[in-house]
Structures are given as structure tokens and as C-alpha cells.
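**Q** Sequence first, predicted coordinates after that:
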Amino acid sequence: MNASNPLLACIEVEPTQPATAAVIWLHGLGASGHDFAGIVPELHLPESMAVRFIMPHAPQIPVTINNGYVMPAWYDIISMTLERELDEAQLLASSDAVVQLIERELERGVPSDKIVLAGFSQGGAVVYQTALSFDKPLAGLMALSTYFATADSIAFSAANHSLPVLIHHGNRDGVVPELLGRRACDVLTDKGYAPEYKSYPMEHSVCPAQINDISTWLQKVLA
């Protein structure tokens, strides 16, 4: 990596044996990589899967909807309308930073088709862009309580046209309305993908039943 584009700072949870698979998991607005690190043991993945979890920290930037307050964010959100007015150039820069993390896993010997991209809320918008445009086949895309911000501008990659996609959303989500999760599912279905969609009786969060479902899905796509 060149000095002008250093790797994102990350929390890494290593498996008990050399990693043969990886999950790169992005947090939401104002949070950090610590947000999902505690979920890793709760997934109860078999040790034989040897999955490395990588939880990057977003850069600190001013966020317009929070009166310009500087906080961890993958991109600026200018307006919280349903259509989400945002800084797409910053989203794409964050996507490029995730690509750097994927490339590092390839250098470490993890094949691309054993790498899952996951994201919650803002992080999910970034991984939609990254996974669906990446030029090598990935293992899966996990979109949690999020929206497909670049659906109208993305260049879909043929390498990931059959990518397994898991979309989860809370049906009481007052931050990212569930309509946006369902809309992303519809867009992908129209493009020939076969996303799995599930909603949960929760707000803008993660719940225990969902963690079990995530574990089951990861064991399937990383088998």
C-alpha cells in the first residue's frame, strides 16, 4: 500500500489456526470496529472454519446531519430524506479502502471466494458498492439494517453476479426504514441476484435470533 493511502485501522479477531477465510465487517455511523467484535464468539463457528474477522474503523469526518460534528463515518450524510442525500465520492473512497483490505487478505493467502463483506447501516451501503463491483468472486455479502445507496450508479461485476447476498432488517427501524432494505432486495432480484431477505422485530440494532441466522449463513457460504 502506498503511503498516501494507508490501510484502515482495524480490529482483527484471529481464529485458533491459520486463517483460511475472512469476514470484513463495517460498522455504522458514529460507531467503531469494536461494535461487532463482541458478536464473533456468539456466532459459535466451528474452529475448523478458521475465519479471521476484520472490523475496520471509519475515518473521522464532519457529518452534515449532525450539525457538522466530527465523528466516525464512511461518508457524509447531507439529508435524512428517504432517498438519503449523501457524499457519493466519500462512499466510493471508503469502498476503495475496503478493496485494500480484501487485497491484503489475498496477499495473506485467503482466496477471494472465502471472503465475506458485511456491513451495518452506513457500513452496509459501502459493502453493497464494494462487493457487487469487485472484480474477483467473493464468498458473500451481508447487508444489515442498511440501504443500497449506489444502486443507480454502480458498475456491477460479472465476477460476482451469483454472489450470495443476505439482507437483514428490523421492522421497527426508525433510522433506516425497512422499506429501504426491501428496496435493495428488489433491485438485486431485478438484476438477477437471489438475495435472502429476513426481517426481525427490532429497531436499528442486532438481535440474538439474527446472530444465530448469521452464523448459519456464514457456515453455508464459507463451507
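**A** Right, received. Where do you want to start? Numbering: from 1, shown residues only.

**Q** Quickly list what the residue nearest to residue 198 when sequence neighbours are not counted is bridged to.
**A** Distance criterion C-beta to C-beta, 6 or more residues apart in numbering; nearest residue to residue 198, sequence neighbours excluded, is residue 168 at 5.5 Å. C-betas here are computed from N, CA, C, even on glycine. When bridges are called by DSSP bridges, residue 168 pairs up with residue 144, residue 198.

**Q** State the distance from the spatially most central residue of the chain to residue 205.
**A** In the chain, the centroid-proximal residue (C-alpha atoms, centre = their mean) is residue 119; its distance is 2.3 Å. Noted for residue 119: a distance of 15 Å to residue 205, by C-beta to C-beta, to the nearest Å.

**Q** got it, and residue 215?
**A** 17 Å.

**Q** so what pLDDT did the closest residue to residue 43 other than its chain neighbours get?
**A** Leaving aside its sequence neighbours, residue 43 sits nearest to residue 215 (C-beta to C-beta, 6+ apart; 4.3 Å). pLDDT for residue 215: 98.

**Q** How many residues are close by residue 215?
**A** 16 (other C-beta atoms under 10 Å).

**Q** Does it touch residue 44 like I think?
**A** Yes - Residue 215 lies in contact with residue 44 (C-beta atoms under 8 Å); the separation is 6.1 Å.

**Q** so where is the chain shaky, pLDDT-wise?
**A** For the chain, the stretches flagged by pLDDT under 70 are 1-4.

**Q** Show me where it has its helices.
**A** In the chain, the segments counted as helices under DSSP state H are 34-37, 39-42, 88-107, 122-133, 178-190, 208-221.

**Q** and the residue nearest to the centre of the chain, what is it in contact with?
**A** Contact analysis of residue 119 by C-beta atoms under 8 Å, 6 or more residues apart in numbering lists 25, 26, 125, 126, 127, 128, 142, 143, 144, 146.

**Q** redo that, cut-off 6 Å
**A** Neighbouring residues of residue 119 by C-beta atoms under 6 Å, 6 or more residues apart in numbering: 26, 126, 127.

**Q** ok, now how distant is the second one from residue 171?
**A** So that's residue 126. Going from residue 126 to residue 171 by C-beta to C-beta gives 24 Å.

**Q** Looking at those two now, which is surrounded by more residues?
**A** residue 126 (29 against 12).

**Q** just checking, the more buried one touches residue 95?
**A** Yes - here residue 126 reaches residue 95: they are 5.4 Å apart, a contact under C-beta atoms under 6 Å.
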